[in-house]
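**Q** sequence plus predicted model, see below.
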Amino acid sequence: DVRRNRNPDPDLSRPYQLVYNGSISRELRQGLGISANYYHRRFYDITFTTDLDKPHSVYTPYEINDPRGNGQKMTVYNINPAYVRNLNELDTTSSNNTSTFHSFDVGFNARFRNGSMLTGGTATGLSRTKTCDVGDPNATWKCNDYDYGVPWRTTCNMSGMYPLPYGIRLSGVFQSTAGDRINQTYTLTPAVFLAQTGVPLSVSSITGLRLSDPGSVYADRVNQLDFTFAKTFITRGIRLTPEVSLFNALNANPIVSQVTAFGTALGNPLRILEGRLIRFGFQARF
């Protein structure tokens, strides 16, 4: 028989998560209601893959300079060359890795006598992970969000509809979305490792070394305002609705994604929010 290079632990547990939710809502007056919600989610028995033929004891720690030139040091691990080609991976259950999410949401819903309406709310959340049980000790660098001041992030939105003269409806949506978290990383080459330690690197490179502290770098906040003008005609039982929509009316240009790998291009934009766009539409309902 040929042994597989990756196998499950006989005691592998099924990952699971627990979710808690509490909410309260109230009508303040006719046509106006508010609500408040709290969400909590936690993950347990997360599966991770380790290499039995490469225990952490065959790695030697070294201190190298932070490439950003701030005078700080980074710990990296160089594997014993005799173990590089060995492979015996095991999927097992981590007793330490976890992930949690908290969120406080507040919303409102208002309807007015002239037929207009307005809804909106905010969601303020905190997401943190701990992934320090790993096969490669180089992935333990800044692996625990709970050791850092990861901030709460708030997203808000508002939408509404207002009837204009001649049966025209104006609807709009405003969204203010917190930017995604960015993990800036560094790839250590054999030449740099040899120059700083005097020891050859046993692998072609060490990738994914985290530079930025968890929760310290985020993409730009995205503020987007969209409008739609529409009017409905009924002809021979058919509802005809021509509409004109204006997306990103403010022509905002936040950076949505950027280069995260250390180098001369670090932080350079990869994509920005699409510019102002007008769209003409038509619906027919039979």
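**A** Structure received.
**Q** residues in contact with the nearest residue to Leu188 once chain neighbours are set aside?
**A** Closest residue to Leu188 apart from its sequence neighbours, by CB to CB, 6 or more residues apart in numbering: Ile206 at 4.3 Å. No exception for glycine: its C-beta is placed from N, CA and C like everyone else's. Contacts for Ile206 (CB atoms under 8 Å, 6 or more residues apart in numbering) come out as 76, 138, 187-188, 193.
**Q** hmm, which of those residues are the buried ones?
**A** Burial by neighbour count, judged by 16 or more other CB atoms under 10 Å, picks out 76, 138, 188, 193 from those.
**Q** which one of the residues you listed is nearest to Asn96?
**A** Taking CB to CB as the measure, Asn96 lies nearest Asn138 of these, at 17.3 Å.
**Q** mind pulling up the pLDDT for the closest one?
**A** According to the prediction, Asn138 has pLDDT 96.
**Q** double-check that it belongs to a helix.
**A** Yes. Looking at Asn138 with DSSP: H, G, I helix; E, B strand; the rest coil, it is inside a helix.
**Q** check contacts around it.
**A** For Asn138, the contacting residues are 76-77, 206, 208-209, by CB under 8 Å, 6+ apart.
**Q** of those, which belong to helices?
**A** Judged by DSSP state H, these include no members of helices.
**Q** and the two most separated of those residues?
**A** Greatest spacing in those, by CB to CB: Tyr77 and Gly208 (12.7 Å).
**Q** the two - which one has more neighbours?
**A** More neighbours surround Tyr77 than the other of Tyr77 and Gly208, with 18 against 15 (other CB atoms under 10 Å).
**Q** and the nearest residue to the more buried one once chain neighbours are set aside, how many neighbours?
**A** Excluding its sequence neighbours, the residue lying closest to Tyr77 (CB to CB, 6+ apart) is Tyr59, at 3.9 Å. By other CB under 10 Å, the residues close to Tyr59 number 18.
**Q** next one: Tyr59 from Pro67, what distance?
**A** Per CB to CB, to the nearest Å, Tyr59 is found 21 Å from Pro67.
**Q** what do you get for Tyr83?
**A** Tyr83 is 27 Å from Pro67, by CB to CB.
**Q** over to Pro8?
**A** With CB to CB as the criterion, Pro8 and Pro67 are 38 Å apart.
**Q** next one: Ser159
**A** Distance, Ser159 to Pro67, using CB to CB: 45 Å.
**Q** what do you get for Leu170?
**A** For Leu170, the distance to Pro67 - CB to CB - is 53 Å.
**Q** for the contacts of Ile206, which one is nearest Phe229?
**A** Thr187 (50.7 Å).
**Q** now do the strand or helix carrying the closest one: distance to the chain's middle.
**A** Secondary structure from DSSP states H and E places Thr187 in strand 185-188. Taking CA atoms, centre = their mean, to the nearest Å, the mean C-alpha location of strand 185-188 is offset from the chain mean by 21 Å.
**Q** now it - C-alpha only, CSV.
**A** The C-alpha trace of strand 185-188 is given here as CSV (Å, rounded to 0.1, in the frame of the first residue of the first chain):
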residue,chain,number,x,y,z
THR,A,185,3.0,41.0,4.1
TYR,A,186,6.7,40.5,3.3
THR,A,187,8.5,37.8,1.3
LEU,A,188,12.0,37.0,2.7
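**Q** beyond it, next helix or strand please.
**A** Beyond strand 185-188 on the C-terminal side, the first helix or strand identified by DSSP H and E is helix 190-197.
**Q** returning to what we had before: mind putting the buried ones among the contacts of Ile206 into TSV with distance to Thr119?
**A** Putting those into TSV (distance: CB to CB, whole Å) gives the following:
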residue	distance to Thr119
Val76	51
Asn138	48
Leu188	50
Phe193	56
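**Q** closest to Ile255 out of those?
**A** Leu188 (26.8 Å).
**Q** can you tell me which residues contact the closest one?
**A** Shown in contact with Leu188 (CB under 8 Å, 6+ apart): 64, 76, 201, 205-207, 209.
**Q** could you measure it against Thr260, distance?
**A** 16 Å.
**Q** gap between His56 and Tyr83?
**A** Counting by CB to CB, the gap from His56 to Tyr83 is 11 Å.
**Q** centre of the chain to stretch 257-273, how far?
**A** Its chain's average C-alpha position is 16 Å from that of stretch 257-273, according to CA atoms, centre = their mean.
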